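Student: Using only what follows, build the 3D model:
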Amino acid sequence: MRKPQVVRADALPQRVTIYEVGPRDGLQNEQTVVPLETKAEFVRRLVAAGLPIVETTSFVHPTWVPQLADAEQLIDLLSDAGGFDARRMPVLVPNERGLDRAREKGIEHIAIFGSATETFARRNLNRSLEEQFTMFEPVATRARAAGMQVRAYISMCFGDPWEGDVPIEQVVTVGKRLIELGASQLSLGDTIGVGTAGHVTALLEAFMAAGVHPDTLAVHFHDTYGQALSNTTAALHAGVTTIDASAGGLGGCPYAESATGNLPTEDLVWMLHGMGIETGVDLAQLVAVSTWMASVLGRPSPSRVVGALSG
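Tutor: Down below sits the predicted model:
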């Protein structure tokens, strides 16, 4: 299988951690329920391809996201025959009840999902922008007290379909408050894919000016306007070394119709390897995983790299 020619660029990280969100963020939008065994096999294959972090599921109420109603069963199945400790992989929890369910399964790493805007907070969380912190505070406090890692997603960091432009200062304020609640990592989401490289640079510089080190930040780009890879490059130059991506470009956001697919993990890996940045990921194996999942879902992968290398 063809590989990118490596041309090392200056002032870039030696290694990047890819935070794989395909099994959770990628599958949550699927209208047809994916069988439990298939979800487990998807996670196993992603781990086998070298992805160090795979967000496996969400302990969300089944009414909200029916696709993920089998969260407990998935953790059990992976723990019984996964070849790795599924409890160390992150899961999303929306509230204290979700945290309770995660703790019952011995999960060690959770993520919470906040909003940078008022409208999306009300649509996604049924809370105001301010009230979301009241909801997250006991989740983060109890999780940290139990020795769990806490990641916080911030959605709508670069634009909101209802409110339009989102002030950079507003995003930084939300992020700082989530850190103060106990989040050790912030994933800055371009939920509708409208961000551009200059915007990414300005937002990351604002966080750094507010005392947030790049090691605390991750980025989560959607490719709606074809900007995900250029935005990732801007983040790399700013010192960010954790990039969210979804195998095969699966996913979006069920609460924002304009949010199309995530940055495909294969496209990200091709670019990073071409830059001489280590990921630990076997690209050929990963392409095979996404080709298999595309056949399961009955449609081709939107990833350009999957299309080029599997054709």
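Student: Tell me which stretches of the protein form helices.
Tutor: For the chain, the helices defined by DSSP state H occupy 36-48, 71-81, 96-104, 118-120, 131-145, 168-181, 197-209, 228-237, 265-274, 283-297, 304-310.
Student: And residue 72, how far from residue 153?
Tutor: In this view, residue 72 and residue 153 are 22 Å apart by CB to CB, to the nearest Å. (Each C-beta comes from the backbone N, C-alpha and C, glycine too.)
Student: So residue 13 sits against residue 276, correct?
Tutor: No: with contact defined as CB atoms under 8 Å, residue 13 does not reach residue 276; the gap is 10.2 Å.
Student: Compare these two and say which is more crowded by neighbours.
Tutor: It is residue 13, of residue 13 and residue 276, that has more neighbours when counted by other CB atoms under 10 Å, with 17 against 13.
Student: residue contacts, that one?
Tutor: 236, 239, 241, 277 (CB atoms under 8 Å, 6 or more residues apart in numbering).
Student: need those in TSV with neighbour count, pLDDT and distance to residue 54, can you?
Tutor: Below are the contacts of residue 13 laid out as TSV (neighbours: other CB atoms under 10 Å; pLDDT from 0 to 100; distance: CB to CB, whole Å):
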residue	neighbour count	pLDDT	distance to residue 54
236	22	98	22
239	15	98	24
241	17	98	18
277	19	98	20
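Student: Tabulate those residues (a markdown table), appending distance to residue 220.
Tutor: Shown next, in a markdown table, are the contacts of residue 13 (distance: CB to CB, whole Å):
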| residue | distance to residue 220 |
| --- | --- |
| 236 | 14 |
| 239 | 17 |
| 241 | 14 |
| 277 | 18 |
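Student: Among those, which one sits closest to residue 96?
Tutor: Comparing these against residue 96 with CB to CB places residue 241 closest, at 31.4 Å.
Student: Verify the stated contact: the closest one with residue 16.
Tutor: Yes: in this structure residue 241 lies within contact range of residue 16 using CB under 8 Å: 5.3 Å.
Student: re the thing from before, widest-spaced pair of the contacts of residue 13?
Tutor: 239 and 277 (12.9 Å).
Student: Nearest residue to residue 218 in space, please, no chain neighbours.
Tutor: In this structure, residue 218 finds its nearest non-sequential neighbour in residue 242, 3.8 Å apart by CB to CB, 6 or more residues apart in numbering.
Student: Then residue 265?
Tutor: residue 245 (4.0 Å).
Student: quick one: contacts for the one you found?
Tutor: Residue 245 makes contact with 18-21, 262-265, 268, according to CB under 8 Å, 6+ apart.
Student: what is it paired to in the beta sheet?
Tutor: Beta-bridge pairing for residue 245 (DSSP bridges): residue 20.
Student: mind checking how far it is from residue 202?
Tutor: Distance from residue 245 to residue 202, by CB to CB: 23 Å.
Student: what's the answer for residue 184, then?
Tutor: On the measure of CB to CB, residue 184 and residue 202 end up 24 Å apart.
Student: Next: residue 60.
Tutor: 33 Å.
Student: for residue 93, same thing?
Tutor: 31 Å.
Student: The two: who's more crowded?
Tutor: Regarding residue 93 and residue 202, a neighbour count based on other CB under 10 Å identifies residue 93 as having more, with 27 against 13.
Student: pretty sure the more buried one is in contact with residue 109, am I right?
Tutor: No: applying CB under 8 Å, one finds residue 93 not in contact with residue 109, separated by 10.4 Å.
Student: What sits closest to residue 113 if chain neighbours are left out?
Tutor: Nearest one to residue 113, counting by CB to CB, 6+ apart, is residue 153 at 4.6 Å.
Student: correction: residue 25
Tutor: residue 251 (4.5 Å).
Student: Can you read off the pLDDT for that neighbour?
Tutor: On the pLDDT scale, residue 251 is placed at 85.
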